[in-house]
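Q: Next input, structure requested:
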Amino acid sequence: MRCRNSVISILVAGGAMFTASIAAAQTPLPLPPEIVVPQDVPFPGTIRLAVDVTDVTRHIFRVRETIPVPSGPLTLLYPKWLPGTHSPTGRIDALAGLIIQAHGQRVKWVRDTVDVYAFHVDVPAGVTNLDLEFQFLSAGDGNEGRIVTTREMLNLQWGSVVLYPAGYFARQITIEPSIALPEGWQFATALEAASASGPSAAFNPVSLEALVDSPVFAGRYIKRVELDASASAPVRLNVFADRPDLLEAKPDQLDAHRALVTQAYKLFNAHHYDRYDFLLALTDRMGGIGLEHHRSSENATPPTYFTKWDDNADVRALLPHEFTHSWNGKFRRPTDLWTANYNVPMRDSLLWVYEGQTQYWGHVLAARSGLWSRDQALDALADVAAVYDKRVGREWKSLQDTTNDPIIASRRAIPWRSWQRSEDYYSEGELVWLDADTLIRERSGGEKSLDDFASAFFGNYDGKWSPELYSFDDVVKTLNAVQPYNWADFLHARLESYEREAPLDGIARGGYRLVYSDTPSDYVKKRESRRKLTDLTFSLGFVVGKENKLTDVLWGGPAYDAGLTVGTQLVAVDGVAYDNDRLKDIVKATKTTSAAIDLLVKNGDRYTTVRINYQGGLSYPHLERNASAPARLDQILAARN
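A: Here you go, the predicted model:
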């Protein structure tokens, strides 16, 4: 027995020694040195950047760049964290063919093995300039990313076609850009052209910060409309289209866009640009976009934006939203969203102001300008309220935590939106700011409103361009200056809540209540038709899209309980081939019958019959006037004189 114990002891001791030797062998390698921290000092010299975008057939942007450099080590960065995306979305995967030369001789570069957006270069002695060539291989198909070039138009974002030296603030790097376009094309941008030759142009030198903030739209078919011809700060609508007939706009449609500028000035009482260019693409060939900039905005809508005006109400709040960002987001910017350059991580904690209040003002300005009728604005708000009335994810994930969503999901599609939550700081944020607006109006006896906050917070320093940063405390301080109240607790309660109930107090205080009926509003009906979908979210708990596949399923709803999920394809209803209108008729009848709905569905290569027990009929949201409270919501949506 003693012998056996001795053997065991030896084995245990040996095992311990072996484990210790393994542990010693597993010491991690040190990480490479940190990339040099940006400093607020001028970069010596001017970078020349020439971009040839003539190869629209193959979707290739060809780039030549000359960078003045000192001898010795240099790190070049490709932008990773781009303003407006709130996430690390720089398309480093699309950069190809990088060749660096000096005096005609190849200079070696090495990619950083940790930060793959960084390229290390050992500049030879005596070299004062590096010449770079590379391509940005933009998406040729939708599954590769957003399409930015077609045979009719393109969208150039300078952040996708530039490498810049590490160690400097973006505002301290000067770049002299130029662009070569296909023959016969025209362009629009907030940049000032120094010279032009045919479809090509050279622009005045600007900071890297201003360059990245000044995208280019270009195309064969363009219409330019002066929205405000003021000599001090002209505002122009630059419209590009897939076909020339799509550019035809009626006078009242253009007048609504002019009124947008007027109403924005009445709201903010200031502007922070020398000129502003709306860049608008009417297309179903180039990818959609809505992205803010200080002196312009990138927007894409359905091609029939003007020619089928009544059918496109749901997209007409896009321009007001992006225009509002010139004040909220570009001029006044959250402290943790401003970074020294485009490779320093952003933090999104105040997106409920940056995007949430912009969403609110975007909808308000759409109504005040006439881009929306009052009823369309109410119907849009009813839809938002109903979504959050059913947003069960509020039970586990706070509104504040949704500000991390752009970084967590990079804006990819997710399977359970109502449970996972997805950037709810936009529309739930809109409800929070409606709550604040109506509360200010109520407590001040109608003397004050959130308009006063907008003017005081975003409209200060008229004519100033450089960003003014703000914190949570700054927001609270300005709210208290408008109307004394415990605004810190008000905001914390709404940002950090895990209550199931949606924040609908602003609707009630505004003189309305959320109700449901079996008839969709015209706004919802037109949106369904344009998007080619059938929205039964508030009845069966799903949305049917292309090929009769479910594009959204409500967590905990009837369809969820029956085992349906995103991607499920509807094949038949009650034994008859699937048809959208027939399904609606069957759902409507459930209000007076107790019969279940049998669905033949397909998931992958498997067919299954599922039964949905539901007796609620069709259900669509509306706002109903509540005469017991003043119609503050009507006052909010009315144009200002």
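
Q: Run through the strands of the stretch 451-600 of the chain in chain order.
A: With strands called from DSSP state E, counting those that start in this stretch, the stretch 451-600 of the chain shows them at 468-470, 512-517, 534-536, 542-544, 550-553, 569-573, 576-577, 597-603.

Q: Need the winner for burial among those strands.
A: Mean neighbour count (mean count of other C-beta atoms under 10 Å) peaks for strand 542-544 among the strands of the stretch 451-600 of the chain, with a mean of 23. Heads up, the C-betas are built off the backbone N, CA and C, glycines and all.

Q: now the strands of the stretch 451-600 of the chain as TSV including distance to Asp401 and mean pLDDT?
A: TSV is the format used below for these (distance: least, C-beta to C-beta, whole Å; pLDDT from 0 to 100):
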stretch	distance to Asp401	mean pLDDT
strand 468-470	21	97
strand 512-517	25	98
strand 534-536	27	97
strand 542-544	25	98
strand 550-553	21	98
strand 569-573	33	98
strand 576-577	43	97
strand 597-603	31	97
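
Q: Present these as JSON lines; the columns should include distance to Pro621.
A: Output for these, formatted as JSON lines (distance: least, C-beta to C-beta, whole Å):
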{"stretch": "strand 468-470", "distance to Pro621": "34"}
{"stretch": "strand 512-517", "distance to Pro621": "6"}
{"stretch": "strand 534-536", "distance to Pro621": "11"}
{"stretch": "strand 542-544", "distance to Pro621": "14"}
{"stretch": "strand 550-553", "distance to Pro621": "16"}
{"stretch": "strand 569-573", "distance to Pro621": "23"}
{"stretch": "strand 576-577", "distance to Pro621": "29"}
{"stretch": "strand 597-603", "distance to Pro621": "22"}
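
Q: For Thr324, which of these is the nearest?
A: For the strands of the stretch 451-600 of the chain, proximity to Thr324 was assessed by C-beta to C-beta; strand 468-470 is nearest, at 15.5 Å.

Q: Who does the closest one pair with, and is each partner parallel or antiparallel?
A: In the sheet, strand 468-470 lines up against strand 332-334 (parallel) (DSSP bridges).

Q: packing partners for the following helix or strand past the partner strand?
A: Under the assignment DSSP states H and E, the closest C-terminal helix or strand after strand 332-334 is helix 351-354. Judged by 3 or more C-beta pairs under 8 Å, 6 or more residues apart in numbering; DSSP states H and E, helix 351-354 is in contact with strand 332-334, helix 427-443.

Q: Domain parsing of this protein, as residue ranges.
A: 36-220, 229-511, 522-620 (automatic domain parsing).

Q: Please work out which of those is packed deepest.
A: domain 229-511 (a mean of 19).

Q: what distance separates the start and the end of it?
A: 39 Å (C-alpha to C-alpha, to the nearest Å).

Q: In three-state terms, label Phe323 for me.
A: The three-state assignment at Phe323 reads helix, by DSSP: H, G, I helix; E, B strand; the rest coil.

Q: Where does the prediction get shaky in this structure?
A: The chain contains residues with pLDDT under 70 at 1-24.

Q: from what I can see Val216 touches Ala193, true?
A: No - counting by C-beta atoms under 8 Å, Val216 sits too far from Ala193 to count as a contact (10.9 Å).

Q: circling back: nearest to Thr149, out of the strands of the stretch 451-600 of the chain?
A: Among the strands of the stretch 451-600 of the chain, strand 550-553 comes nearest to Thr149, with 27.3 Å by C-beta to C-beta.
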